[in-house]
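A.B. asks: Based on what follows, work out the 3D shape:
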Amino acid sequence: MSDIIQVGVFAGMSRGALEGYRAQLQGALIELGAGQKAVAVSYTAGTGARSVTFTPTDDEKIRGLIRQINAALGIRRGARSVVFR
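C.D. replies: Prediction:
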């Protein structure tokens, strides 16, 4: 199996890099669910005000990206069907 993704949006990326991004996304999903992600932060110090705004997201956007990465890595989701004979 090649260490470089060959097709799709992630073509040219290494499997290790993609696995790292997936871990970051999973951490962000946990933080978002726990209400720990800031959307806008501002403060005034000394002579000026500073502010930082992050683009808000939702858990479905993060989950969708995780699914795309899993597909690129060949990771299947879900249970396999069981057949009784």
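
A.B. asks: could you pull out the strands for the protein?
C.D. replies: Assigned strands in the chain, in chain order: 40-45, 48-53 (criterion: DSSP state E).

A.B. asks: which regions of this protein lie under the pLDDT threshold?
C.D. replies: Counting by pLDDT under 70, the chain contains low-confidence ranges at 1, 78-81.

A.B. asks: Name the residue closest to the centre of it, please.
C.D. replies: The structure's the chain has its C-alpha centroid closest to L25; by Cα atoms, centre = their mean the separation is 2.6 Å.

A.B. asks: correct me, but it touches D59?
C.D. replies: No: between L25 and D59 there is no contact under Cβ atoms under 8 Å: 10.6 Å. Heads up, the C-betas are built off the backbone N, CA and C, glycines and all.

A.B. asks: follow-up on the earlier one: how far away is the residue nearest to the centre of the chain from G33?
C.D. replies: Here L25 is placed at a distance of 13 Å from G33 (Cβ to Cβ, to the nearest Å).

A.B. asks: List the neighbours of stretch 6-26 that are in contact with it.
C.D. replies: Applying Cβ atoms under 8 Å, 6 or more residues apart in numbering, the set of residues contacting stretch 6-26 from outside is D3, I4, I5, I62, L65, I66, Q68, I69, N70, A71, A72, L73.
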